[in-house]
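> Provide a 3D model corresponding to the input given below.
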Amino acid sequence: MATPTAPPTRAHVQLDTGVRRDVNKLSLLFTGVGAIIGSGWLFGALYASQIAGPAAILSWIIGAIMIMIIGLVYAELAVMFPVVGGIIRFPHYSFGSFASFSSG
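The predicted structure follows:
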């Protein structure tokens, strides 16, 4: 027969230091504002095609290549430094607080 064990004490409980999983009014506000601004970039394709015509496709292809390169760099940094909020912390690590504040 197994011997009963005592419940874990505070010393044995590992504190969760990960991402907070709560939703408040401020986070809902920022989610709504981000959704509004996020859908506005679609007008960029309309305005670019009105100004540049078919050459706008070339600029979107160049932009896609540049974004893929940036994505690969962030993927490599995420493997090297597995921290929460890497997109803000990486500029902070390399350039300081002002750069991470500006990119945020």
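> Can you give me every residue that contacts the residue most central in space within the chain?
When C-alpha atoms, centre = their mean is applied to the chain, the residue found nearest the centroid is residue 87 (5.4 Å). Counting by C-beta atoms under 8 Å, 6 or more residues apart in numbering, residue 87 touches 74, 103. Backbone N, C-alpha and C define where each C-beta goes, glycine included.
> Please report phi then psi for it.
phi -70, psi -20 (degrees, to the nearest 10).
> I'd like to know how far it sits from residue 93.
Between residue 87 and residue 93 the computed distance is 12 Å (C-beta to C-beta, to the nearest Å).
> Do I have it right that residue 93 meets residue 77?
No. Residue 93 lies out of contact with residue 77 (C-beta atoms under 8 Å); the separation is 9.0 Å.
> pLDDT score assigned to residue 3?
Predicted confidence (pLDDT) for residue 3: 59.
> Ignore what I typed, I meant residue 19.
Model confidence at residue 19 (pLDDT) stands at 69.
> can you pull out the helices in this protein?
25-40, 42-52, 55-80, 86-95, 97-103 (DSSP state H).
> Now the ones you listed in a markdown table, please, with extra columns for mean pLDDT.
Converted to a markdown table, these look like this (pLDDT from 0 to 100):
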| stretch | mean pLDDT |
| --- | --- |
| helix 25-40 | 86 |
| helix 42-52 | 85 |
| helix 55-80 | 92 |
| helix 86-95 | 85 |
| helix 97-103 | 84 |
